[in-house]
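Novice: this is a predicted model, with the sequence first.
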Amino acid sequence: MARLLLPMWLAVRKMETGLSFDLSLDPNPRFVSIVRRFVEEVFERLIPDPEAVFRVSMTAHELLENAAKYASCGRALLRFSTRLEGEYAVVNLSLINETTPGHIDQLRLRVQAIVNSSDSFAHYQQLMLAPSRHPGESGLGLARIAAEAEMQLGLEVKANTVAIMASAKVDRGGRYR
């Protein structure tokens, strides 16, 4: 696998405060894996734990797939930030894009169901077994973020623009909190 080369100033800056970037992109399925690898390369410089790196990069992947499927205009914004707090890194990812009113309604329901679930993994398994009433809109990607990446989900809606947010606190040894 090809490795992305990051500038030296990035390594120095990330050690002091964390790291953040905004990436505006065409929500094209071809870019999902490329951006996932970029997030992976960046995050592993902060937290060298392979499991934590997988969880964060998988979250970026699932958010980008959501934009590739449901964005109604030609742009999406992936916002990535980490903030170092002593022994921990607070990781935040959000995906912002325009979508249709019908998808916004489904998105609200799906995120609310995930947030209200007492067991995110059981909810994820239930979705895998149940047929979706809305073909192509199973909600599996978002449920996977909560279950496998152990990230908290949030949703903000303004008119036809949605921001799906995922966050977690990771100790600098890689364990999630």
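Specialist: Happy to help now that I have it.

Novice: for this structure, what spans make up the helices?
Specialist: Ranges of helices in the chain, per DSSP state H, are 8-17, 29-44, 50-70, 101-116, 120-129, 140-147.

Novice: contact partners of the fourth one?
Specialist: Residues outside helix 101-116 that contact it (Cβ atoms under 8 Å, 6 or more residues apart in numbering): 70, 99, 120, 123, 134, 137, 139, 142-143, 146, 152-155, 157, 160, 162, 164. The way it works is simple: take the backbone N, C-alpha and C, and place the C-beta from them, glycine included.

Novice: remind me which residues of this structure are low pLDDT?
Specialist: 1-16, 131-138, 173-177 (pLDDT under 70).

Novice: try 50
Specialist: Counting by pLDDT under 50, the chain shows low-confidence ranges at 1-15.

Novice: my read: residue 72 touches residue 100, true?
Specialist: Yes. Counting by Cβ atoms under 8 Å, residue 72 sits close enough to residue 100 to count as a contact (5.5 Å).

Novice: gap between residue 171 and residue 102?
Specialist: Distance check for residue 171 against residue 102: by Cβ to Cβ, to the nearest Å, it reads 41 Å.

Novice: give me the more crowded residue out of the two.
Specialist: For the pair residue 171 and residue 102, the greater number of neighbours falls to residue 171 (15 against 11), based on other Cβ atoms under 10 Å.

Novice: bridged to the more buried one, which residues?
Specialist: Each beta-bridge partner of residue 171 is listed here, defined by DSSP bridges: residue 88.

Novice: you'd agree it is up against residue 90?
Specialist: No. The pair formed by residue 171 and residue 90 falls short of the contact definition of Cβ under 8 Å, at 10.9 Å.
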